[in-house]
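Participant: below are the sequence and a predicted model for it; my questions follow.
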Amino acid sequence: MIFIETNRLRLRNIDRKDVDEMFDYRNNEICSKYQRGQTTDYDGIVALAERRKDDKLTMEAPSLICVAQKETDVMIGEIVVMPNEGTISFGYTFSYKIHRKGYAYEALSTLMEYLHDHYPEWDYVCFTETENIPSKELLKKLGFTDMGYLPQKGSQVFGKWLRQDTVEEIASNVQPIPASASNPGLK
C-alpha cells in the first residue's frame with residue numbers, strides 16, 4: 001500500500017523486494033553507527049519485512065514505512081511511526097547512498113505534515129544520540145526543538161507541536177548531557 005507520494009518519493013509498505021537494500025544500509029557503519037536494537041542479520045530482516053508488510057498508518061499500532069524513490073521504487077530508507085498515549089515518536093534510517101540529498105527531509109516533512117493534519121492534538125517527538133549531528137540538524141530543519149537530554153532514554157529529545165503539559169513533563173526530566181554521552185571516548 002502506498003501511503004504518500006512526493007515529487008521524488010513513495011512512502012509505502014515494506015515488501016520482500018526491499019530486503020537486500022535494507023540489509024545493505026543497516027549493515028553499513030555510517031548508517032548503523034547511531035542505531036540501537038535494529039535487526040541486521042539477513043534472515044531477521046526477511047522476517048521483519050514479512051511481519052510488517054501489511055502495516056497500516058494509524059494511531060492504533062506502530063508502523064514501518066518504506067521510503068522508496070518514486071521513479072524506480074527502490075528502497076532508500078525507513079521510518080517507524082510509534083504512537084503511544086497521545087505522543088507519536090519517530091525513528092528513521094536512510095541509506096548511506098543518498099545522504100545529504102534532501103530525501104530524509106522530504107520524506108519526514110511530508111509524513112509529519114500528513115499525520116499532523118489527521119492527528120493535530122498529538123505530540124511529536126524524536127530521540128537521537130547526542131553525537132548524531134546530522135540527525136540533530138535534520139530535526140531542527142524539520143522544526144523540532146531540542147528539549148534536552150533524557151537520561152532514561154540515553155538520548156536527546158526533540159519535540160514539535162507539543163502540548164504544554166508535555167513540555168513541562170520533558171523539562172522536569174532533562175539533565176545536562178553527561179561527559180560520557182557527549183564524548184564516547186570517555187566511557
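Facilitator: Thanks, I have it.

Participant: can we go C-alpha only for contacts and neighbour counts from here?
Facilitator: OK.

Participant: output the longest helix belonging to the protein.
Facilitator: When the chain is parsed with DSSP state H, its longest helix is helix 103-118.

Participant: past the longest strand seen in the chain, which element shows up next along the chain?
Facilitator: Ordering each strand of the chain by length in residues (DSSP state E) puts strand 75-84 first. Using DSSP states H and E, the helix or strand that follows strand 75-84 towards the C-terminus is strand 87-94.

Participant: just to revisit the earlier point, for the longest helix of the chain, the distance to its chain's centre please.
Facilitator: Centroid displacement of helix 103-118 relative to its chain, using CA atoms, centre = their mean, to the nearest Å, is 11 Å.

Participant: which strands or helices does it pack on?
Facilitator: Judged by 3 or more CA pairs under 8 Å, 6 or more residues apart in numbering; DSSP states H and E, helix 103-118 is in contact with strand 9-12.

Participant: which outside residues touch the strand it packs on?
Facilitator: With CA atoms under 8 Å, 6 or more residues apart in numbering as the test, strand 9-12 has contacts from 1-5, 65-71, 73, 103, 106-107.

Participant: rerun at 10 Å
Facilitator: Strand 9-12 is touched from outside by 1-5, 53-57, 64-79, 103-104, 106-108, 110-111, with contacts defined as CA atoms under 10 Å, 6 or more residues apart in numbering.

Participant: partner strands of that strand, parallel or antiparallel?
Facilitator: Using DSSP bridges, the strands paired with strand 9-12 are strand 2-5 (antiparallel), strand 63-69 (antiparallel).

Participant: can you tell which of these is closest to Tyr34?
Facilitator: Smallest distance to Tyr34 across these (CA to CA): 18.5 Å, for strand 63-69.

Participant: the closest one - what's its average pLDDT?
Facilitator: What strand 63-69 shows for mean pLDDT is 98.

Participant: how big is the angle separating that strand from helix 103-118?
Facilitator: Angle of strand 63-69 versus helix 103-118, following axes from the mean of the first three to the mean of the last three CA atoms, to 10 degrees, is 130 degrees.

Participant: quick one: contacts for Tyr119?
Facilitator: When contacts are counted by CA under 10 Å, 6+ apart, Tyr119 is found next to 58-59, 86-88, 112-113.

Participant: any regions of the protein where pLDDT drops low?
Facilitator: By pLDDT under 70, the low-scoring segments of the chain are 180-187.
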